[in-house]
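J.: curious how this folds, go ahead:
(2 chains)
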Amino acid sequence: MIDLKAARKDPDHFRTALARRGAAQDFDALLAVDASWRELTERAEGLRARQKRSSKSAPSEAELAELRQLREELAEAQGDLARAETERNDLLITIPNLPDPSAADGMEEDDAQTLRTWGELPAFDFTPRDPLDLGSKTGWIDMARGARLSGSRFAYRIGDVALAEMALYRFTLDRLISKGFLPVLPPVLVGEQAMYGTGFLPTEESNTYHLEKDDLYLTGTSEVALAGIHADERLEEDELPARYVAFSTNFRREAGAAGKDTRGMFRVHQFDKVEMYVCCLPEESVEYHERLLGYEEEIVQALGLPYRVQNIAVGDLGAPAAKKYDIEAWFPVQGRYREITSCSNTTDYQARRLNIRFRRAGGLDYVHTLNGTGATARALLAMMENFQDSSGTVTLPEVLRPYGAPATLGGQR
RNA sequence: GGUGGAGUCGCCUAGUGGCCGAGGGCGCACGCCUCGAAAGCGUGUGAGGGGGCAACCCCUCCGUGGGUUCAAAUCCCACCUCCACCGCCA
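T.: Here you go, the predicted structure:
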């Protein structure tokens, strides 16, 4: 969440920044509610101070009547205050992060700014085949059986495809461990606090799977569990940056994506992902964001995928993000660049909600947090589209071989 | 799932209705002592919120949420976590 105290001091700065992502009117509503909250606070605290002074010792009979009266007044004042506080917090929790000045302007996906492109687009003298059509006897993607089992948007990855995908994750994990990330296998079922803390609730409610019976949520990314590692903790300055890399299965309802990417396993309800997460000093997050992007690019380059880097428009950012870079790989069959990784600087937005602070000379302060994709199966899909030959054989990158990937996929079936 | 025990200020612990938002020890910080250090002695040492130019004042927090009372760490209820044992399962 935003820094309310700072917002009171300099409302114009906050309003201007939030206006870029269309949140100025919510911000003004918040300020108004906050003003009345402060009035009610003073009244309730004054009454409470009176009651406490009178309760230092047993009151006389005469005082008792007066104190009973005071109790009623206090209860009323506290009730008013609680209502104002709820109203204020409900608003506060929906206000998105302040965008970074260098985040691209605009409200749409198309407003993203292309920072650079890398790699050669493949030139086919045949019509490249869709990953779904590139299976062989020894390995394939099976959406039909996935649908029979679980409905649309569920994929079986079978045989060599399964091995290739696992090799991709293990390769990525190794790369990031060598950069100093600590590997984690996290829970994927989490309580409501973690979902609010990371900012997926309340804004992404419709996209999350919720288990009513146990009141637990299936996470759409291991960012949620990784952010939770240090919730309510006070870190020492020398523990920062804390860097984690997780592998987990992720669950997304994809509400609002009806009709989009319906073929194949590009957009599915359940997918696996290697994810980076960093808690760092506030003054380091901007630089760390570039580093995370750099690690992502190294991985995509090692795989040999042509890609471009997008600076996502402010209006297209998730609520917690101040700035976001996506890497979009070239998908020759789709004929366009598509997102395969995403990394965000969430500054102190999640740290405030999750209460992750660190201690240093000046006292306690909130850490900054960042997250970024290591790899998902979309990278494998991109490899299948880019690295195929006219026989439908996909040559996988050498770097994946030590991790158990077959040399090729597809071919005769 | 069942039974029993426990959750207090960084750690350990005292505390069964008002003198406790909280005592003691450890740790930590500063000072004295010392050539220096240790020991010893002294002082200080949680977080959040509101008000004030400031010194400072006020409120909240004893696992969490409710309740009783003029007054709750303390009494009552529910829940959570941890430990032990039992049952069941991987």
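J.: contacting residues for the residue in the stretch 201-350 of chain A that RNA strand B sits nearest to?
T.: Closest residue of the stretch 201-350 of chain A to RNA strand B, CB to the nearest atom of the strand: residue A:234 (7.7 Å). C-betas here are computed from N, CA, C, even on glycine. By CB atoms under 8 Å, 6 or more residues apart in numbering, the residues touching residue A:234 are A:357, A:358, A:359, A:364.
J.: looks like the last one contacts residue A:356 (just checking).
T.: What that stands for is residue A:364. No - contact criterion CB atoms under 8 Å: residue A:364 and residue A:356 do not qualify, at 10.6 Å.
J.: tell me which stretches of the stretch 201-350 of chain A form strands.
T.: For the stretch 201-350 of chain A, applying DSSP state E, counting those that start in this stretch gives strands covering A:209-211, A:216-218, A:234-236, A:242-251, A:270-280, A:307-311, A:323-331, A:336-345.
J.: off-centre distance for the last one?
T.: Looking back up the chat, that one is strand A:336-345. Remark: strand A:336-345 is offset 12 Å from the chain centroid, using CA atoms, centre = their mean, to the nearest Å.
J.: can you pull out the residues in contact with that strand?
T.: Contact partners of strand A:336-345, identified using CB under 8 Å, 6+ apart, comprise A:100, A:266, A:276, A:285-286, A:288-289, A:292-293, A:296, A:300, A:305, A:307-308, A:310, A:317-318, A:320-331, A:368, A:370-376, A:378-379, A:382.
J.: which parts of that strand are buried?
T.: A:337, A:338, A:339, A:340, A:341, A:342, A:343, A:344, A:345 (16 or more other CB atoms under 10 Å).
J.: residue A:12: neighbour count?
T.: Residue A:12 has 7 neighbours, counted by other CB atoms under 10 Å.
J.: where's it, which helix or strand?
T.: If you go by DSSP states H and E, residue A:12 is part of helix A:11-19.
J.: helix or strand right after that helix?
T.: With DSSP H and E, the next secondary element past helix A:11-19 is helix A:24-54.
J.: avg pLDDT for the helix or strand following that following helix?
T.: Going down the chain from helix A:24-54, the next helix or strand is helix A:61-92, by DSSP H and E. Average pLDDT, helix A:61-92: 84.
J.: quick one: buried residues of helix A:61-92?
T.: Neighbour-count burial for helix A:61-92, counted by 16+ other CB under 10 Å, picks out A:70, A:74, A:77, A:78, A:80, A:81, A:84, A:85, A:87, A:88, A:91, A:92.
J.: per-residue pLDDT, the closest residue to the last one other than its chain neighbours?
T.: Right, residue A:92. Leaving out its chain neighbours, the residue that sits closest to residue A:92 by CB to CB, 6 or more residues apart in numbering is residue A:1, at 5.4 Å. Residue A:1 is assigned a pLDDT of 89 by the prediction.
J.: next: the one 3 residues further on.
T.: For residue A:4, the model assigns a pLDDT of 92.
J.: mind listing what it touches?
T.: Residues near residue A:4 by CB under 8 Å, 6+ apart: A:30, A:34, A:92.
J.: likewise residue A:278?
T.: For residue A:278, the contacting residues are A:241, A:242, A:243, A:244, A:288, A:292, A:369, A:370, A:371, by CB under 8 Å, 6+ apart.
J.: quick check: domain ranges of chain A?
T.: With domains defined by automatic domain parsing, chain A comprises A:4-92, A:109-410.
J.: need the contacts of residue A:278 in CSV (columns: neighbour count and pLDDT).
T.: As requested, the contacts of residue A:278 are exported to CSV (neighbours: other CB atoms under 10 Å; pLDDT from 0 to 100):
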residue, neighbour count, pLDDT
A:241, 17, 92
A:242, 20, 93
A:243, 20, 95
A:244, 23, 96
A:288, 21, 97
A:292, 25, 98
A:369, 28, 96
A:370, 29, 97
A:371, 26, 97
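J.: so which of the residues you listed would count as near RNA strand B as well?
T.: Among the contacts of residue A:278, no residue is within reach of RNA strand B (CB under 7 Å from any atom of the strand).
J.: low pLDDT regions in chain A?
T.: Across chain A, residues meeting the criterion (pLDDT under 70) sit at A:56-57, A:59, A:61, A:362, A:412-413.
J.: on the three-state scheme, the residue of the stretch 251-400 of chain A found nearest RNA strand B is what?
T.: Going by CB to the nearest atom of the strand, RNA strand B is nearest to residue A:364 of the stretch 251-400 of chain A, at 4.8 Å. Following DSSP: H, G, I helix; E, B strand; the rest coil, residue A:364 is assigned to strand.
J.: residues touching stretch A:27-38, excluding its own?
T.: By CB under 8 Å, 6+ apart, stretch A:27-38 touches A:4, A:7-8, A:11, A:14-15, A:18, A:81, A:84-85, A:87-88, A:91-92, A:95.
J.: burial count for residue A:249?
T.: Counted with other CB under 10 Å, residues neighbouring residue A:249 total 12.
J.: so what's it closest to, chain neighbours aside?
T.: Residue nearest to residue A:249 in three dimensions, not counting chain neighbours: residue A:272, with 5.3 Å by CB to CB, 6+ apart.
J.: same question, residue A:63
T.: Distances taken as CB to CB, 6+ apart place residue A:54 nearest to residue A:63, at 6.8 Å, with adjacent residues excluded.
J.: test my guess that the one you found contacts residue A:68.
T.: No - applying CB under 8 Å as the test, residue A:54 and residue A:68 come out as separate, 11.3 Å apart.
J.: circling back: so what's the residue of the stretch 251-400 of chain A closest to RNA strand B up against?
T.: The contact partners of residue A:364, by CB under 8 Å, 6+ apart, come to A:234, A:357, A:358.
J.: swap in 10 Å and give it another go.
T.: Counting by CB atoms under 10 Å, 6 or more residues apart in numbering, residue A:364 touches A:234, A:235, A:357, A:358.
J.: enumerate the beta-bridge partners assigned to the third one.
T.: Note on residue A:357: beta-bridge partners by DSSP bridges are residue A:234, residue A:366.
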